[in-house]
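the amino acid sequence is not available; the structure is as follows:
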């Protein structure tokens, strides 16, 4: 059973940075899975932020140029480096996967989810 555990969230001032981590366990081929970061703000739908796969990386327009996704295959970790944070980035951030090689076109429909890590950006 694949398990994802996020960490690294916190509270920062606007303009600050955070790095989120997603540890993937339960499989010997986790480096082949596409892993996504999805966020959900209060009262809003889940929003795909970024995804990394064997093909490459993708970002939503709202974070492009500010966030960077990467992975450490040896440690089964996927990171989300978040710079120039804005109050509108405040949300619960999840990592998610389908145990597939490609990213899901509907970021709300991933099969496996972590418990989430809270990011709060003060103005």
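Looks like it arrived, so ask away. Computed from a prediction, not measured in an experiment: that's the story for all the values here.

ok, for residue 39, nearest residue in space, not its chain neighbours?
Distances taken as C-beta to C-beta, 6 or more residues apart in numbering place residue 91 nearest to residue 39, at 3.8 Å, with adjacent residues excluded. To be clear about C-beta, it is placed using only N, CA and C from the backbone, and glycine gets the same treatment.

check residue 33 too.
residue 97 (4.9 Å).

how many residues are close by the one you found?
Residues contacting residue 97 under the criterion other C-beta atoms under 10 Å number 25.

my guess is it meets residue 107, correct?
No: with contacts counted by C-beta atoms under 8 Å, residue 97 stays clear of residue 107, the gap being 11.3 Å.

now residue 73: phi and psi?
Phi and psi for residue 73, reported as degrees, to the nearest 10, are phi -60, psi -40.

please enumerate the strands of the chain.
Here the chain has its strands, by DSSP state E, at 3-7, 10-13, 18-25, 35-40, 47-52, 57-59, 67-72, 77-82, 91-97, 112-113, 117-122.

among the ones you listed, which is nearest residue 103?
strand 47-52 (3.7 Å; C-beta to C-beta).

what residues does that closest one touch?
With contact meaning C-beta atoms under 8 Å, 6 or more residues apart in numbering, strand 47-52 is reached by 34-41, 57-60, 62-63, 67, 69-71, 78, 80, 91, 93, 103-104, 107-108.

what are the pairing partners of that strand, and which direction each?
strand 35-40 (antiparallel), strand 57-59 (antiparallel) (DSSP bridges).
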